[in-house]
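Undergrad: Mind looking at a prediction? Sequence and model below.
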Amino acid sequence: MTTVRTAQSRIDPAGPGPADQQGPGHRRGKRHSENLPGYLFLSPWLIGLLAITAVPMLLSLYLSFTDYDVLTPLSEANWVGWDNYRQMFTSDPTYWHAVQVTLTFALVAVPLKLAAALGVALLLNRAMRGIGVFRGLFYLPSLLGGSVALAIVWVSMFNRDGAFNSFLGLFGIEGAPWVNDPRWALQTLMLLAIWQFGAPMVIFLAGLKQVPTELYEAASVDGAGRWRQFRNVTLPMLSPVIFFNLVLETINGFQGFTSAFVLSNGTGGPVDSTLMYTLNLYIKGFVELDMGYASAMAWVFLLAIGLITVVLFRTGRFWVHYSDAEEH
Amino acid sequence: MRGRLRLLVLILILLVVLYPLIWMVGTSFKSPEEIASNIGLLPESFTPGNFSSGWQKFDVNFGRFFLNSAMVSGLTVLGNTVSCLLAAYAFGRLRFRMRKFWFSIMIATLLLPGHVLIIPQYILFRNLGWVGGEWPYLPLLVPQFLATEAFFVFLMVQFMRGIPRELDEAAKIDGASPYSIFQHVILPLSRPALVTTAIFSFIWTWNDFFRQLVFLSELQDYTAPVALTLFIDSTSESSVGPMFAMSLLSLIPVFLFFVAFQRMLVEGINTSGLKG
């Protein structure tokens, strides 16, 4: 049951459910006989949806058109129209800088992370002893890497006198003070993200198991070498999994916060070089208490992530092969 | 020969991947002088003193921070397993009006970034007097009791798909109500999904930083990750050892979960694409 296809089905909005599996003999009148228990079991979720998700979202949509600062009562928030949005798009260079930092981070770190995950998965995709141990140990950083503790270790490792420079010193290379250098700080954070390639790797491994061996046999009978087998069998067969990982990691990549906060002690420095979107949002909302502006930023972020997801799905049509996956 | 080479490459990559973790363990036992001079993985003289000085570094000791973290994580596990199981049973097994509509809303919330919701939630909870209130953990915990982690609802719905419907049907013919089917059929059979949910929600909450940073403002209420950031302010040579010692301690619960449930964790991310 633990296939990657189950993972993809979560994007399928039709969803599972009893109605799909009803036999033909079912009487129509009984279709909704479980209204009361249904809504009873659903009630915590429904309350959560309304109170914790929907109402706050609408509230923040309203506040994004005000100058609300948290300290005054809600009723005293002044309506400022599109001012927050106008300021964001036309007269806030820091905002655009944060957008640029976030895009750079995602565009570099996500493909490299997926490449590392696929590469190691291909190396591991052989019957051999101890594969479970390897898989587990490669996965470990994905469990620990998002924590403050690991970010602290990472930053220390790339300090001026950290372990990385000591290592370079063995070869007579004098390293930079990586985390304090605006040219390098973001790269160390990208490296931390790539280091956590274990989670997509595990998903790739499961996907590789699904590729029928007959295809490789047929390909090698036809005289295809290793590279052509990879190019013409593995990659197309794996494309749904690649797509799944890509969407997931991209959405995650845009939300990087903890490591940037730890590296810069919450400022986004040095010289704003690690000012990720979410960190900028945190500073505007919770440090400068400009909640109206931060609400507008949050809404633009939501729309941008939605847009990027749609674009990914659109382009996916051209390179993701689902047809074969459905048969197996 | 090919197999040997492959193994060698894998071991090399593994060493690079594990290096930061081993280095962290070694450094947390080094004295301040050694941290500056000894670039090796292991300390020449074992200095367990980092742990006691880190523990007492701030006005409130780290035991309190770890207890706070354990409480928040424990209650989150309870809230998530109970509330998500109830919702998943409704979605997966019951017929009611607008089920498909609510299900698609639930799927949509899967993709909602937490950072977008935190601003309006903060405003709401602050206006309710919960932020910095009598019990400052309400904003962290109440959402977890209302099945707002759509990931887990989805995970359990997927799992329940695999439970044979004949079992419910048989119980129904015997006159069992949806409530007793839930209690006697679905609940016992859903144990694996409950365990997966419990493990992941513990690890995520234990590692979580953003929400705890936003909602906790008094030192004695801090959880371990928020407390760890206090070390960043004081990056003198002498505080590196204690900082590493406390960082190491804070990772131990997650590491123990990893050792105990490795298989389950790895398979868990396969079923649902959960992230560690």
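TA: Received, thanks. Since the structure is predicted, the reported quantities are computational estimates derived from the model, not experimental observations.
Undergrad: Can you tell me the centre-most residue of chain A?
TA: Centroid-nearest residue in chain A: A:Asn252, 1.7 Å away (criterion: CA atoms, centre = their mean).
Undergrad: Please, which helix or strand holds residue 242?
TA: In the absence of a named chain, this looks at chain A. If you go by DSSP states H and E, A:Ile242 is part of helix A:235-254.
Undergrad: wrong chain, I was asking about chain B
TA: Secondary structure assigned from DSSP H and E places B:Pro242 in helix B:237-272.
Undergrad: which residues touch the residue nearest to A:Thr267 when sequence neighbours are not counted?
TA: Closest residue to A:Thr267 apart from its sequence neighbours, by CB to CB, 6 or more residues apart in numbering or on different chains: A:Ile283 at 7.7 Å. From N, CA and C alone the C-beta is placed, and that goes for glycine too. A:Ile283 sits next to A:Gly266, A:Thr267, A:Gly268 when contact means CB atoms under 8 Å, 6 or more residues apart in numbering or on different chains.
Undergrad: For these, give me JSON lines that also has neighbour count.
TA: Converted to JSON lines, the contacts of A:Ile283 look like this (neighbours: other CB atoms under 10 Å in any protein chain shown):
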{"residue": "A:Gly266", "neighbour count": "18"}
{"residue": "A:Thr267", "neighbour count": "16"}
{"residue": "A:Gly268", "neighbour count": "24"}
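Undergrad: ok, how many other residues are close to the nearest residue to B:Leu248 once chain neighbours are set aside?
TA: Excluding its sequence neighbours, the residue lying closest to B:Leu248 (CB to CB, 6+ apart) is B:Ser28, at 4.7 Å. When neighbours are defined as other CB atoms under 10 Å in any protein chain shown, B:Ser28 has 25 of them.
Undergrad: Verify the stated contact: B:Ser28 with B:Ile252.
TA: No. Counting by CB atoms under 8 Å, B:Ser28 does not reach B:Ile252; the two are 11.4 Å apart.
Undergrad: what sits against the spatially closest residue to B:Leu110 that is not a sequence neighbour?
TA: Closest residue to B:Leu110 apart from its sequence neighbours, by CB to CB, 6+ apart: B:Ala150 at 4.5 Å. By CB under 8 Å, 6+ apart, B:Ala150 lies in contact with B:Met106, B:Ile107, B:Thr109, B:Leu110.
Undergrad: And residue 152, what's its pLDDT?
TA: If you meant another chain, say so; for now it's chain A. Turning to A:Ile152, the model gives it a pLDDT of 93.
Undergrad: Actually, chain B is the one I wanted.
TA: pLDDT, read off for B:Phe152, is 93.
Undergrad: Leaving out the residues flanking it, which one is nearest to it?
TA: Closest to B:Phe152 by CB to CB, 6+ apart is B:Cys84, at 4.1 Å.
Undergrad: can you tell me the helix or strand for that neighbour?
TA: Using DSSP H and E, B:Cys84 sits within helix B:62-93.
Undergrad: quick one, the next helix or strand after that helix and helix B:62-93 angle?
TA: Using DSSP H and E, the helix or strand that directly follows helix B:62-93 along the chain is helix B:99-110. Put simply, helix B:99-110 runs at 150 degrees to helix B:62-93, going by axes from the mean of the first three to the mean of the last three CA atoms, to 10 degrees.
Undergrad: Put the alpha carbons of helix B:99-110 into CSV.
TA: What follows is helix B:99-110, C-alpha atoms only, in CSV (Å, rounded to 0.1, in the frame of the first residue of the first chain):
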residue,chain,number,x,y,z
ARG,B,99,-19.1,15.7,2.2
LYS,B,100,-17.3,16.2,-1.1
PHE,B,101,-17.4,19.9,-0.7
TRP,B,102,-15.8,19.8,2.7
PHE,B,103,-13.3,17.3,1.6
SER,B,104,-12.1,19.5,-1.2
ILE,B,105,-11.8,22.4,1.3
MET,B,106,-9.7,20.2,3.5
ILE,B,107,-7.4,19.4,0.6
ALA,B,108,-7.1,23.1,-0.2
THR,B,109,-6.0,23.8,3.4
LEU,B,110,-3.2,21.3,3.0
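Undergrad: Can you give me the buried ones in it?
TA: Going by neighbour count (16 or more other CB atoms under 10 Å in any protein chain shown), the buried part of helix B:99-110 is B:Arg99, B:Trp102, B:Phe103, B:Ile105, B:Met106, B:Ile107, B:Thr109.
Undergrad: which of those residues lies closest to chain A?
TA: B:Phe103 (4.2 Å; CB to the nearest CB).
Undergrad: Run through the stretch 101-250 of chain B and note the low-pLDDT ranges.
TA: The stretch 101-250 of chain B contains residues with pLDDT under 70 at B:234-238.
Undergrad: Kindly recompute the last result at 50.
TA: For the stretch 101-250 of chain B, no stretch is flagged by pLDDT under 50.
Undergrad: can you tell me the residue of it closest to chain A?
TA: Counting by CB to the nearest CB, the stretch 101-250 of chain B gets nearest to chain A through B:Leu146 (2.8 Å).
Undergrad: Tell me if I'm right that that residue and A:Gly48 touch.
TA: Yes. Counting by CB under 8 Å, B:Leu146 touches A:Gly48, with 2.8 Å between them.
Undergrad: now the residue nearest the centre of chain B: how far from B:Met71?
TA: The centre of chain B sits closest to B:Trp204, judged by CA atoms, centre = their mean, with a distance of 1.8 Å. Using CB to CB, to the nearest Å, one gets 16 Å for the distance from B:Trp204 to B:Met71.
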